[in-house]
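# kindly return the folded structure for what I paste below:
(2 chains)
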Amino acid sequence: DTGVSQNPRHKITKRGQNVTFRCDPISEHNRLYWYRQTLGQGPEFLTYFQNEAQLEKSRLLSDRFSAERPKGSFSTLEIQRTEQGDSAMYLCASSGHQGFGTEAFFGQGTRLTVV
Amino acid sequence: QKEVEQNSGPLSVPEGAIASLNCTYSDRGSQSFFWYRQYSGKSPELIMFIYSNGDKEDGRFTAQLNKASQYVSLLIRDSQPSDSATYLCAVNPGNQFYFGTGTSLTVIP
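Numbering: from 1, shown residues only, chains lettered A, B, ... in the order given. Next up is the predicted model:
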């Protein structure tokens, strides 16, 4: 296992279309996070899972965004009816322990462009 | 008030000098602190983490934590041009990671 894997690396979509991204975490990690990053900003929290349970979701996250982590393994992030403001780098990270403390490792990211 | 504050820079240092990056955080309950390096167009890469007050050294990098002052710093000794990147400070009070906006560092050969 070489790390967190995200697919696709790049996605260009037309406004109004739905898109889905996939994240495969480091295999022994039970926590999985989704972040969004725009130019000049730090990563912005979207949601996180502990095993298959979605424990927290950002209040800023619109209802068009949904995430799943069936069986506590890979995760998907879906954006419905995309808007130009959704254009960003979508980052997935995983970490290994419950509670605070353990460092998180990021995947390569999926760069979304909505045209 | 943002949870994590960083000076966005840019910070420029000559090759071989010490680069000093600073970060403050608002949640006194935070227990773990991280520094990530991010090259342009790439994802963040973990370079240091610290949990206890004081200094932690790893090669050319030293992280410093002062919980009373809610302050974290990163020192990079013998800076190299390859250290030119954006450095993100992150804090985890127990659930998610809160990130600063990052400090852009340029090491001038």
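# drop to CA atoms for contacts and neighbour counts, all remaining ones
OK.
# what is the mean pLDDT for the helix or strand in which residue B:23 is found?
In this structure, residue B:23 is located in strand B:19-25 according to DSSP states H and E. If you average the pLDDT over strand B:19-25, you get 96.
# how about residues contacting that strand?
B:2-7, B:13, B:70-77, B:79, B:87, B:89, B:91, B:100, B:103 (Cα atoms under 8 Å, 6 or more residues apart in numbering or on different chains).
# one more time with 6 Å, if that's ok
When contacts are defined by Cα atoms under 6 Å, 6 or more residues apart in numbering or on different chains, strand B:19-25 is touched by residues B:3-6, B:70-76.
# what of stretch A:72-85?
Outside stretch A:72-85, the residues that reach it (Cα under 6 Å, 6+ apart) are A:15-24, A:51-52, A:64-69, A:114.
# quick check on the contacts of strand B:19-25: which are buried?
B:4-6, B:71-76 (16 or more other Cα atoms under 10 Å in any protein chain shown).
# just the strands from the chain, written as ranges.
Unless you meant another one, I'm taking chain A. A:5-7, A:10-13, A:19-24, A:31-37, A:44-50, A:53-57, A:65-68, A:75-79, A:88-95, A:105-106, A:110-114 (DSSP state E).
# try chain B instead
Using DSSP E, strands in chain B cover B:4-6, B:11-14, B:19-25, B:32-38, B:45-50, B:54-58, B:61-66, B:71-76, B:85-92, B:98-99, B:103-108.
# and these, which is most packed in?
The highest average neighbour count among the strands of chain B, using mean count of other Cα atoms under 10 Å in any protein chain shown, belongs to strand B:85-92 at a mean of 26.
# could you dump that one to CSV, C-alpha only?
The C-alpha trace of strand B:85-92 is given here as CSV (Å, rounded to 0.1, in the frame of the first residue of the first chain):
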residue,chain,number,x,y,z
ALA,B,85,6.7,25.8,-1.3
THR,B,86,3.6,26.8,0.8
TYR,B,87,3.7,25.6,4.4
LEU,B,88,0.4,24.8,6.0
CYS,B,89,-0.1,24.7,9.7
ALA,B,90,-2.9,22.3,10.9
VAL,B,91,-4.5,21.8,14.3
ASN,B,92,-6.6,18.9,15.5
